[in-house]
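1. pasting the sequence and the predicted coordinates here, then a few questions.
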Amino acid sequence: MRIALFVTCFNDTMFPDTGRAVVSVLERLGHTVDFPQEQTCCGQMHFNTGYRPDAVPLVERFARTFASYDAVVTPSASCAGMVRENHPVLAEDYGPAALQRQVAELMPRVYEFTEFLTDVLDVTDVGARYPHKVAYHPTCHSLRGLRLGDRPERLLRAVKGLDLVDIPAADSCCGFGGTFAVKNADTSAAMLADKNAAVLDSGAEVLCAADNSCLMHIGGGLSRQGSVVRTVHLAEILAATEGATQ
Amino acid sequence: MSDTGNRGVVWLGAPSFPDAAREALGTPQLRANLKRATGTIRDKRLAVASELGDWEDLRDTAAAIKQRTSRHLDYYLQQLEQSVTAAGGVVHWASDAADANRIVTALVQATGEREVVKIKSMATQEIGLNEHLAEAGITAYETDLAELIVQLGDDRPSHILVPAIHKNRTEIRDLFTAEMGQWGQAAPEDLTDDPRELAEAARRHLREKFLTAKVAVSGANFASADTGTVVVVESEGNGRMCLTLPDTLITVMGIEKVVPTFADLEVFLQLLPRSATGERMNPYTSTWTGTTDGDGPSAFHLVLLDNGRTDTLADTVGRQVLACIRCSACLNVCPVFERTGGHAYGSVYPGPIGAVLTPQLVGVENAATLPFASTLCGACYDACPVKINIPEVLTHLRAKTVEGKGRTAEALAMKAAATVLDSPRLLSAAQMAAAVGGRALARKGRIGRLPGPMRGWSDTRDTPAPPAESFRTWWRKNKEGDR
């Protein structure tokens, strides 16, 4: 199976450890991962902010870059959702028929990381060890967008030493919403305050999720409050082994 | 297309959503009221929706009926007109709010009455009927408890179903004590904030109106085209009073409320109460078909209101909002509404449905911040009993808003970002610049204050400094050779 990593522009720039973690988990499971360097961005920011035509070249680039792979794996539920839900919309509204076909053909092979592990590779125990008290935040795109269900928790429960704790009102949005956090900073901050209170309530040392964007939001708030709770992408927990744990 | 200035819907002079939200967020009492109220309804709704084994089928069916109705709206409306007329009613067509207000005012004036009792209705809120009647010297008395609270307080509704959700019972007691006497029967002097006492005060106050009013004005939840039957769903029975006691009944109904057949109501009457109040069945469902000799009003007028709905129907993505049955489930699950309340939306239609309905009714340029008043979290779509994909419509309306604004600073920044993001080489260069710049700003790996439009973000959140090495640089150095 030819597996490509779509790391996402955000992880590429801000959270390279997450990309390395995906590679490390997949290699540990005996797979080879490629990183086609022509990849850039899924266009989510442009699409969600209303700049659809600007996102079209990114749709074309994505389809072109990943066309030859059997599976495209990404450690971001929101970018996976953007690609699967909205690339077809953009291809239909702005692209030539060839792009529509290309996009439609590629879509079923695009997976969020936990989907790929549980549905395609059929593993839940990836051989990780992470002796910490961890809470999982189901991001909106994981929960209601991709409907990841309990896939992330199944993977986390199989991690040795990991103590999984619940966050109260886990399903409510953290208030990030991309440019929402800038355009409606006050409302976003009010949502974040409630989310962070819930995170602290859970007693977790580490908060994880399938999206670094939401984690950066929550973590940014926790850090400002002086909290010692850390935010770590789920993939980095699955990559951790006994010697590598912090 | 009629002039959007004649449509009402939005409140003149209302601030933009972010500004109004900021003000609302500074009111702890409001946030506490909302949190308690929406939380309670939310839990009840989940309980009664999950007990039905065919809930998802009902949602699909409702969406399909509404889609079919939209596709053939002209046909069903004409059929409705024929059915209502055959049953003794009179049908009027109103292209916008001004038109509808003129029609209703003339109908009331023709009766010679100076007072009307009103059943809670979004359509008449939308067109600002009460204010228009007042200008013509006609007093409209709201008889829904929550609408009465809003009216007595000279306030605005903040929720579709629970218009006074922003008030707690102490605030309501104070309002009843101060205001009821100026409109009719006063509240008892020793009134407490016990809900039973408040309801009793309202009952006595309203009873006087029911027994004297000769004209009633209502909205409609549904109307079936095949039989001409109009339906009002309510909890208090005050609507039933208005629908049965007066001589003349005037109903103002948005044209999208028509359903093809009486049998279709079976689907909606299961979905609506469960989604709205979290009840298996609402206490009062009133249906009437034209007029009946010796039973109820002897004159019935149905005003069919367009007011931007056919413009909405012309939008292939946006038209799905016309399926809305005004249950408010989306408001109650919305994390934004829960914090800001309804007034921040500057429209009679608040919350997620308001953010997609208002801009379509009045034009995106007249409600430009509403499509952005959402994190696209999707809770509304999951809760919607007629499966309106609100996040889909939101991003669609964002695109329309941006298109209409032309070359703004944001548009230029987005264009520049798109150029960088469409080139791995430029992206690499930008990553290196960000790493250098970010590290200059950072302390202990965290950036505290950010400039310009990012200031709102950095007021309450730290930002991690970008790492020295991007993923693609690491890959080139460490992995490329292996492949």
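-> Alright, I've got the coordinates.

2. next SSE after the biggest helix by length in chain A?
-> Counting residues, the longest helix in chain A under DSSP state H turns out to be helix A:185-202. Remark: after helix A:185-202, the chain's next helix or strand is strand A:206-209, criterion DSSP states H and E.

3. buried residues, the longest helix of chain A. List them.
-> Residues of helix A:185-202 classed as buried: A:185-192, A:194-196, A:198-199, A:202 (neighbour count, 16 or more other C-beta atoms under 10 Å in any protein chain shown). Using the backbone N, CA and C atoms, a C-beta is placed for each residue, glycine as well.

4. contacting residues for B:Phe268?
-> Contacts for B:Phe268 (C-beta atoms under 8 Å, 6 or more residues apart in numbering or on different chains) come out as B:62, B:65, B:221-222, B:259, B:325.

5. now swap in B:Pro15 and tell me
-> Counted by C-beta under 8 Å, 6+ apart, B:Pro15 has contacts B:23, B:346.

6. return the distance of it relative to B:Ile165.
-> 20 Å (C-beta to C-beta, to the nearest Å).

7. what is the burial count for residue 126?
-> Picking chain A for this. 19 (other C-beta atoms under 10 Å in any protein chain shown).

8. please go with chain B instead
-> 26.

9. tell me which stretches of the stretch 51-200 of chain B form helices.
-> For the stretch 51-200 of chain B, the helices defined by DSSP state H, counting those that start in this stretch occupy B:55-71, B:73-86, B:97-111, B:122-127, B:129-135, B:145-152, B:169-183, B:195-212.

10. now do the buried residues in the last one.
-> Neighbour-count burial for helix B:195-212 flags B:197-198, B:201-202, B:205-206, B:209-210 (criterion: 16+ other C-beta under 10 Å).

11. over to the second one?
-> By neighbour count, with 16+ other C-beta under 10 Å as the criterion, the buried positions of helix B:73-86 are B:73, B:76-77, B:79-81, B:83-84.

12. show me which of these is closest to B:Thr395.
-> B:Leu73 (25.3 Å; C-beta to C-beta).

13. that closest one against B:Ile255, yeah?
-> Yes: applying C-beta atoms under 8 Å, one finds B:Leu73 in contact with B:Ile255, separated by 6.6 Å.

14. circling back: which one of the buried residues of helix B:195-212 is nearest to B:Gly354?
-> Nearest member of the buried residues of helix B:195-212 to B:Gly354, counting by C-beta to C-beta, is B:Ala202, at 26.9 Å.

15. now the strands: where do they sit in chain B?
-> B:90-94, B:115-118, B:139-142, B:215-218, B:222-224, B:229-234, B:248-254, B:258-259, B:284-289, B:299-305, B:446-447, B:463-464 (DSSP state E).

16. quick one: low-confidence residue ranges for chain B.
-> For chain B, applying pLDDT under 70 flags the ranges B:1-3, B:481-483.

17. circling back to that earlier point, just put the strands of chain B in a markdown table and tack on distance to chain A.
-> Output for the strands of chain B, formatted as a markdown table (distance: least, C-beta to the nearest C-beta, whole Å):
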| stretch | distance to chain A |
| --- | --- |
| strand B:90-94 | 33 |
| strand B:115-118 | 33 |
| strand B:139-142 | 30 |
| strand B:215-218 | 35 |
| strand B:222-224 | 29 |
| strand B:229-234 | 28 |
| strand B:248-254 | 27 |
| strand B:258-259 | 29 |
| strand B:284-289 | 32 |
| strand B:299-305 | 30 |
| strand B:446-447 | 6 |
| strand B:463-464 | 6 |
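
18. turn those strands into a markdown table, columns for mean neighbour count.
-> Below are those laid out as a markdown table (neighbours: other C-beta atoms under 10 Å in any protein chain shown):
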| stretch | mean neighbour count |
| --- | --- |
| strand B:90-94 | 18 |
| strand B:115-118 | 24 |
| strand B:139-142 | 21 |
| strand B:215-218 | 26 |
| strand B:222-224 | 24 |
| strand B:229-234 | 23 |
| strand B:248-254 | 25 |
| strand B:258-259 | 26 |
| strand B:284-289 | 18 |
| strand B:299-305 | 23 |
| strand B:446-447 | 18 |
| strand B:463-464 | 20 |
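
19. now those strands in JSON lines, with distance to B:Lys400?
-> JSON lines is the format used below for these (distance: least, C-beta to C-beta, whole Å):
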{"stretch": "strand B:90-94", "distance to B:Lys400": "26"}
{"stretch": "strand B:115-118", "distance to B:Lys400": "35"}
{"stretch": "strand B:139-142", "distance to B:Lys400": "35"}
{"stretch": "strand B:215-218", "distance to B:Lys400": "34"}
{"stretch": "strand B:222-224", "distance to B:Lys400": "30"}
{"stretch": "strand B:229-234", "distance to B:Lys400": "33"}
{"stretch": "strand B:248-254", "distance to B:Lys400": "22"}
{"stretch": "strand B:258-259", "distance to B:Lys400": "27"}
{"stretch": "strand B:284-289", "distance to B:Lys400": "38"}
{"stretch": "strand B:299-305", "distance to B:Lys400": "23"}
{"stretch": "strand B:446-447", "distance to B:Lys400": "35"}
{"stretch": "strand B:463-464", "distance to B:Lys400": "31"}
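
20. residues contacting the residue nearest to B:Leu313 when sequence neighbours are not counted?
-> Residue nearest to B:Leu313 in three dimensions, not counting chain neighbours: B:Arg319, with 5.1 Å by C-beta to C-beta, 6 or more residues apart in numbering or on different chains. Counting by C-beta under 8 Å, 6+ apart, B:Arg319 touches B:70, B:312-313.

21. which bits of the stretch 201-350 of chain B sit near chain A?
-> Neighbours of chain A within the stretch 201-350 of chain B, by C-beta under 8 Å from any C-beta of the partner chain: B:335-336, B:339-340.

22. out of those residues, which comes closest to B:Ala20?
-> Closest to B:Ala20, out of all of those and judged by C-beta to C-beta, is B:Thr340, at 7.4 Å.

23. burial count for that closest one?
-> Going by other C-beta under 10 Å, the residues that sit close to B:Thr340 add up to 30.

24. low-confidence ranges, chain A, go.
-> Using pLDDT under 70, chain A drops low at A:242-246.

25. where do the strands sit along it?
-> A:3-5, A:33-34, A:71-74, A:110-112, A:133-136, A:163-165, A:206-209, A:230-233.

26. list the strands paired with the shortest one, with their directions.
-> Read that as strand A:33-34. Here strand A:33-34 has these sheet partners by DSSP bridges: strand A:3-5 (parallel).

27. same check on the third one?
-> Strand pairing for strand A:71-74, determined by DSSP bridges: strand A:3-5 (parallel), strand A:110-112 (parallel).

28. got the contact list for the residue nearest the centre of chain B?
-> Nearest to the mean C-alpha position of chain B, by C-alpha atoms, centre = their mean, lies B:Tyr349 at 3.1 Å. Taking C-beta under 8 Å, 6+ apart as the criterion, B:Tyr349 is in contact with B:9, B:122, B:126, B:160, B:357-358, B:361.

29. fine by me, thanks again.
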